[in-house]
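Enquirer: Here is a sequence together with a model predicted from it:
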Amino acid sequence: MGALPDLLPDVAATVPTRYWHRLADGRVQCDVGPRACRLHEGQRGLCFVRACQDGQIVLTTYGRSSGFCVDPIEKKPLNHFLPGTPVLSFGTAGCNLTCRFCQNWDISKSREMDTLADAAAPETIASTAARLGCRSVAYTYNDPVIFLEYAIDVAAACRDRGIRSVAVTAGYVEPAPRAAFFAAMDAANVDLKGFTEEYYHRVCGGHLQPVLDTIEYLVHETSVWVELTTLVVPGHNDSDADLDRMARWVVERLGPDVPMHFSAFHPDYKMRDVPATPPATLTRAREIALRNGVRYAYTGNVHDRAGDSTYCPGCGARVIERDWYQLGEWGLTGDGHCTACGTRVAGVFDGPPGTWGRHFLPVRLARERS
């Protein structure tokens, strides 16, 4: 695979946005997220990237990225969306939640423009993804709803080339921007961080219900393929009761075919005093989900071939073997039917699995400015 040329397109860093309104006291309210930041001229929202400028809300980081990398699609994690294929991943800076456990805090909590050292126009990203053989582009590392104008434009450029778009998001977004953003997406992994309002308020600086509303909207009102991830934090969201309630809600409100991923926490950011998640805890969470009728439940961030593999809901055969991000035994037809019994496995399958494996390829799209 040859090196890409350095590309530094003329991309405006600040662009006007749509989802805001003026208040009687002269401030401007951002209407993207439930936080509803009310800003005076020159102030930034909690997300850092949306600001009040010239009496309107602008996106200050359009066309700027904290970096690009080609990842396995399973890293998002998406286990039922074009398995084995490479995805070009990128993010910007900032976030509209304040999770104390943030595993990407150096990006999502950044307040430094130097974090956004890479630059690329939407068409550049789409053409780079095509050149590298990526089947999709992922908006990740920080929450893409806060840079939705940029993400939507990138997704449109990708769609023109037959490249799909993946959102990795906490789902903390209001209905109008939510509809616009996800209309551009083909798949989403939504962080369902816990299942109590207390946990969302105390640990994440947000509220649970808007996230549940987003998940139900995606599953019932869009064609977006959806998987859920819960970072299991010892002593905070790992009780049997909470995990049981979460799994029952998924089956009752979404259906049994929405995959659930239970991922290991490691001490970071403002929760360095909390121990890493024991593998046994993830296994227990997965078993609780399966007992409640979830057909596809996984463990993540640990080496667990059994917990990371996919099994046919009809006959129980292992149809996708995974060892970390490496695919092994494959028991599906090109359109996702079990070769042993013919049962359809839920997901987006398009021909044979990809062969990208566990490779990670950093990609530089912009040369340094002189």
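Expert: Received it, and whenever you're ready, just let me know what you need. What you see is a predicted model; the values in this text were computed from it and never measured. Numbering: from 1, shown residues only.

Enquirer: and the residue nearest the centre of the chain, what does it touch?
Expert: Centroid check for the chain by Cα atoms, centre = their mean gives Val168 as the closest residue, at 0.9 Å. Counting by Cβ atoms under 8 Å, 6 or more residues apart in numbering, Val168 makes contact with Lys76, Ala138, Tyr139, Thr140, Tyr141, Pro144, Ala188, Asn189, Asp191. For the C-beta atoms, the positions are set from N, CA and C on the backbone; glycine is no exception.

Enquirer: which helices and strands does the helix or strand where Thr124 lies pack with?
Expert: Per DSSP states H and E: Thr124 is located in helix 122-131. On a contact count with 3 or more Cβ pairs under 8 Å, 6 or more residues apart in numbering; DSSP states H and E, helix 122-131 meets strand 86-91, strand 136-139, helix 148-160.

Enquirer: Compare these and report which one is nearest to Val203.
Expert: Nearest of the helices and strands packed on helix 122-131 to Val203, taken as Cβ to Cβ: strand 86-91 at 21.5 Å.

Enquirer: in the stretch 101-250 of the chain, which ranges drop under the pLDDT threshold?
Expert: Low-confidence segments of the stretch 101-250 of the chain, defined by pLDDT under 70: 104-117.

Enquirer: before we move on, back to that, looking at the contacts of Val168, spot the one nearest Asp31.
Expert: Closest to Asp31 out of the contacts of Val168 is Pro144 (16.8 Å), distances taken as Cβ to Cβ.

Enquirer: what's the closest non-adjacent residue to that closest one?
Expert: Sequence neighbours aside, Ala151 is the residue nearest to Pro144 in space, at 4.6 Å (criterion: Cβ to Cβ, 6 or more residues apart in numbering).

Enquirer: That neighbour: neighbour count?
Expert: Ala151 has 24 neighbours, counted by other Cβ atoms under 10 Å.

Enquirer: if I pick it, what's in contact with it?
Expert: Taking Cβ under 8 Å, 6+ apart as the test, what Ala151 contacts is Tyr139, Pro144, Ser165, Ala167, Phe181, Ala184.

Enquirer: Out of these, flag the one nearest to Gln56.
Expert: Relative to Gln56, the closest of the contacts of Ala151 is Phe181; by Cβ to Cβ it sits at 19.3 Å.

Enquirer: could you measure the residue lying closest to the closest one once chain neighbours are set aside against Val166, distance?
Expert: Of all residues not flanking Phe181 in the chain, Leu148 sits nearest, at 4.6 Å (Cβ to Cβ, 6+ apart). Going from Leu148 to Val166 by Cβ to Cβ, to the nearest Å gives 14 Å.
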